[in-house]
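[1] Need coordinates for the below:
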Amino acid sequence: MAENIPQKSAAPHAPTPEAWIKTELARHPQRPYPMDYIEALFTGFSEIHGDRRFADDAAMTTGMAFFHGEPVLVVGNLKGRTLKERVARKFGSPDPEGYRKALRAMKIAEKFGRPIFTFIDLAGANPGLGAEERGQGEAIARNLLEMSRLRVPTIATITGEGGSGGALALAVTDRVLMLENAIYSVISPEGCASIMWKDPSKKQQAAAALRYTATDVQKLGCVDDVIREPEGGTQMDPAFAMELVNERLERHLGDLRRLSIDELLAARYTKFRNIAQFYTTA
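    Numbering: from 1, shown residues only. Below is the predicted model of the structure:
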C-alpha cells in the first residue's frame with residue numbers, strides 16, 4: 001500500500017494592511033464629497049465664480065454661506081458622481097485657476113472678517129501640461145503663503161483623500177481636522193510603489209510605509225483632530241457623519257474665536273513650523 005504523504009498546504013494570504021483598508025474606504029465611490037458637507041452643514045450658500053485671470057475651474061467651488069447663523073466662507077474641491085461630471089472636474093483635481101479662485105474668495109472673507117472652512121477630498125492637483133503651463137506650482141505656493149497669514153479663523157477638514165500639495169494648498173489653517181478613515185499623504189500609494197519598487201502592484205506595502213492614516217498623521221502633528229465615522233465609513237450613515245463633523249467644526253471655531261488675531265497668527269506660525277519634526281542621535 002502506498003504510504004500517505006502529507007501534502008504541502010498553500011501559504012496563507014497575508015492580511016490586508018489597515019492602511020490599505022482605510023485607503024479603500026477613503027476612496028469609496030459612495031463616500032460623501034466636500035459639496036455634500038457644504039450642503040448639509042451650511043445654509044444660504046452663494047457661489048463665487050472665476051479667478052479673474054483665466055477661467056472658472058469646475059473642480060473647485062467656493063462661496064459665502066452661514067454656519068449656525070454666522071456668515072462664513074466655504075471652499076471645497078468637486079469630484080462629481082457620474083463619469084461625465086468626473087471628466088469635467090478632472091476627478092476632483094483642481095487647475096491653478098481653482099486655487100486662485102479659492103484664494104480670491106479667501107481674501108474677500110478676510111476683508112469682511114469671516115471665518116473660512118475648507119473641505120478636501122483630492123488625490124492631488126491636476127498635473128496636466130496645460131495646468132503646468134498656467135503656473136500650477138506658483139498657484140499652490142501662493143496659497144500656502146497667503147493662507148498662512150489670513151487674519152481670520154480658518155479650519156480645514158480632510159474628508160477623503162488629502163493628496164500632496166494639491167491638498168496642502170487648502171490646508172494651511174488654524175485647525176486641520178481629518179475623518180477617521182481619510183488619508184493625508186505627500187503621494188499616493190501607487191505612485192510611491194512605482195518610485196520605490198518600480199512596481200505599482202506593491203501599493204499595499206507602500207500604504208503601510210507612508211503612515212498616512214488619521215492616527216499616524218495626528219501623531220506627527222499634521223492634523224489637530226480626528227473625527228470618528230459611522231461603522232463601515234461615512235457612506236454607511238451620511239447624516240450621522242455630518243452631525244459628527246458639525247459638532248467638531250462648531251467646537252473648534254468657538255476655540256479660535258477666543259483668540260485675538262495676533263494670537264491666532266502666532267499659533268498658526270508655530271503649528272506649521274513644528275509639524276513632523278524628528279530627531280536622531282549619533
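
[2] C-alpha only now, for contacts and for neighbours.
    Noted.

[3] Over to Asn77: give its phi and psi.
    Main-chain torsions, Asn77, degrees, to the nearest 10: phi -80, psi 150.

[4] mind saving the C-alpha coords of stretch 183-194 as PDB?
    Once side chains and other backbone atoms are set aside, the C-alpha atoms of stretch 183-194 remain, and they are given as PDB (Å, rounded to 0.1, in the frame of the first residue of the first chain):
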ATOM      1  CA  ILE A 183      -5.800  59.600   4.300                       C
ATOM      2  CA  TYR A 184      -3.300  62.500   4.100                       C
ATOM      3  CA  SER A 185      -0.100  62.000   2.200                       C
ATOM      4  CA  VAL A 186       2.600  63.500   0.000                       C
ATOM      5  CA  ILE A 187       2.000  60.900  -2.700                       C
ATOM      6  CA  SER A 188      -0.500  58.100  -3.500                       C
ATOM      7  CA  PRO A 189       0.500  54.500  -2.600                       C
ATOM      8  CA  GLU A 190       0.500  53.600  -6.200                       C
ATOM      9  CA  GLY A 191       2.900  56.500  -7.000                       C
ATOM     10  CA  CYS A 192       5.100  55.600  -4.100                       C
ATOM     11  CA  ALA A 193       5.300  51.900  -5.100                       C
ATOM     12  CA  SER A 194       6.200  52.900  -8.700                       C
END
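
[5] what's the average pLDDT for that stretch?
    Model confidence over stretch 183-194, given as mean pLDDT, is 90.

[6] any idea how far it is from the chain center?
    Taking the mean C-alpha point of stretch 183-194 and that of its whole chain, the gap between them comes to 14 Å (C-alpha atoms, centre = their mean, to the nearest Å).

[7] Need the residues that contact it.
    The contact list for stretch 183-194 (C-alpha atoms under 8 Å, 6 or more residues apart in numbering) reads 22-23, 26, 123, 158, 160-165, 199-207, 210, 212-214, 217.

[8] Which parts of the protein are helices?
    Remark: helices assigned in the chain by DSSP state H are 18-26, 34-41, 83-88, 96-111, 129-133, 136-147, 164-168, 189-196, 203-210, 214-219, 238-257, 261-273.

[9] Quick one: closest of these to Arg52.
    helix 96-111 (7.7 Å; C-alpha to C-alpha).

[10] re the thing from before, so how do I select the buried members of the contacts of stretch 183-194 in PyMOL?
    The PyMOL command for the buried members of those (criterion: 16 or more other C-alpha atoms under 10 Å) is given here:
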select buried, resi 22+23+26+123+158+160+161+162+163+164+165+200+202+203+204+205+206+207+210+212+213+214+217
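
[11] what about the longest strand in the chain?
    Counting residues, the longest strand found in the chain (DSSP state E) is strand 154-163.

[12] Which strands border that strand, and is each parallel or antiparallel?
    Note on strand 154-163: by DSSP bridges, its sheet partners are strand 116-122 (parallel), strand 175-179 (parallel), strand 183-185 (parallel).

[13] Just put these in CSV and tack on mean neighbour count.
    CSV is the format used below for these (neighbours: other C-alpha atoms under 10 Å):
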stretch, mean neighbour count
strand 116-122, 27
strand 175-179, 25
strand 183-185, 28
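
[14] Can you tell me which of these is nearest to Glu243?
    For Glu243, the closest of the strands paired with strand 154-163 is strand 175-179, at 12.5 Å, according to C-alpha to C-alpha.

[15] Now do the contacts for Met20.
    Quick fix: residue 20 is Trp, not Met. Trp20 makes contact with Gln204, Ala207, Ala208, according to C-alpha under 8 Å, 6+ apart.

[16] And the closest residue in space to Ile261 that isn't next to it in sequence, what's its pLDDT?
    Once its chain neighbours are removed from consideration, Ile261 has its nearest residue in Arg151; the separation is 6.1 Å (C-alpha to C-alpha, 6 or more residues apart in numbering). In the predicted model, Arg151 carries a pLDDT score of 97.

[17] Arg151 - how many residues pack around it?
    Around Arg151 sit 19 other residues, with neighbours defined as other C-alpha atoms under 10 Å.

[18] what sits against Pro127?
    Counted by C-alpha under 8 Å, 6+ apart, Pro127 has contacts Gln136.

[19] So it versus Thr159, what's the distance?
    Here the criterion is C-alpha to C-alpha, to the nearest Å. By it, Pro127 lies 22 Å from Thr159.

[20] The residue lying closest to Val217 once chain neighbours are set aside and Leu150: what is the separation?
    The shortest distance from Val217 to any residue other than its chain neighbours is 6.3 Å, reached at Val223 (C-alpha to C-alpha, 6+ apart). Using C-alpha to C-alpha, one obtains 19 Å as the distance from Val223 to Leu150.
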